[in-house]
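Trainee: mind folding the following:
(2 chains)
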Amino acid sequence: AQSVTQPDIHITVSEGASLELRCNYSYGATPYLFWYVQSPGQGLQLLLKYFSGDTLVQGIKGFEAEFKRSQSSFNLRKPSVHWSDAAEYFCAVGESGYSTLTFGKGTMLLVSP
Amino acid sequence: DAMVIQNPRYQVTQFGKPVTLSCSQTLNHNVMYWYQQKSSQAPKLLFHYYDKDFNNEADTPDNFQSRRPNTSFCFLDIRSPGLGDAAMYLCATSKGTAGEQYFGPGTRLTVT
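Mentor: Predicted coordinates for the structure are as follows:
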């Protein structure tokens, strides 16, 4: 069965600093990988996805993520964080064919002035 | 704009009083999902419809039911809400199950 681990429950970053949120997955074949963001009281918004091809994927709002098969990781990065990026971030994994997504427990990002 | 709409955004119900949450979509996606999300937790899949085929997660309580009368609409029925059912309920859609899911804004359910 597939699983997702987000080892950091909370992360605090200063505004303007760089950000990296970690995600590790467990799945035998090539997974489909996603990052979602959730603002308080809102639904989830897709930031980016990886299906195949280039292992560095670009998303919305200046985010990018890199798929590293050897490390079973799909870390999310942003070079300069803005206060509006404060939210909860969820990594998710799916598999090809008939499958549903498995979500990690989320990482809450706090942005300090 | 194509979107996923959930009504109401906030629902208050009494312990044991049946409640129905609504989801509609204009994306024409064939798969619709219902998730339960409790505070500071990941969304937990309750069930999903692949076209008209209903797929229940093994650990979804019998208290939760769903209906999908057509492609655009899906309902979540909670037959006898308990205090532990207070949560955010998220509806999502996708084109097939392997693609990205599009989420609605959620319905916050309070049980008194």
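
Trainee: what is the burial count for B:Lys38?
Mentor: Residues within reach of B:Lys38, counting by other Cβ atoms under 10 Å in any protein chain shown, total 13. Placement of C-beta: from N, CA and C, glycine included.

Trainee: now swap in A:Ile9 and tell me
Mentor: Around A:Ile9 there are 10 residues (other Cβ under 10 Å).

Trainee: over to the one 4 residues further on?
Mentor: Neighbouring residues of A:Val13 were enumerated by other Cβ under 10 Å; the total is 19.

Trainee: what's the answer for B:Thr110, then?
Mentor: For B:Thr110, the count of nearby residues is 13 (other Cβ under 10 Å).

Trainee: same question for stretch A:71-81: list its buried residues.
Mentor: A:Ser73, A:Phe74, A:Asn75, A:Leu76, A:Lys78, A:Val81 (16 or more other Cβ atoms under 10 Å in any protein chain shown).

Trainee: distance of the residue nearest the centre of chain A from A:Cys23?
Mentor: By Cα atoms, centre = their mean, chain A has its centre lying nearest to A:Trp35, at 3.6 Å. When Cβ to Cβ, to the nearest Å is the yardstick, A:Trp35 and A:Cys23 sit 7 Å from each other.

Trainee: now A:Glu95
Mentor: Distance from A:Glu95 to A:Cys23, by Cβ to Cβ: 16 Å.

Trainee: which secondary structure element is home to the residue nearest to the centre of chain A?
Mentor: Taking DSSP states H and E as the criterion, A:Trp35 maps to strand A:32-38.

Trainee: is stretch B:97-112 positioned near chain A?
Mentor: Yes. Under the criterion of Cβ under 8 Å from any Cβ of the partner chain, chain A is reached by stretch B:97-112 at B:Thr97, B:Ala98, B:Gly99, B:Glu100, B:Gln101, B:Tyr102, B:Phe103, B:Gly104, B:Pro105, B:Gly106, B:Arg108.

Trainee: cool, thanks, talk later.
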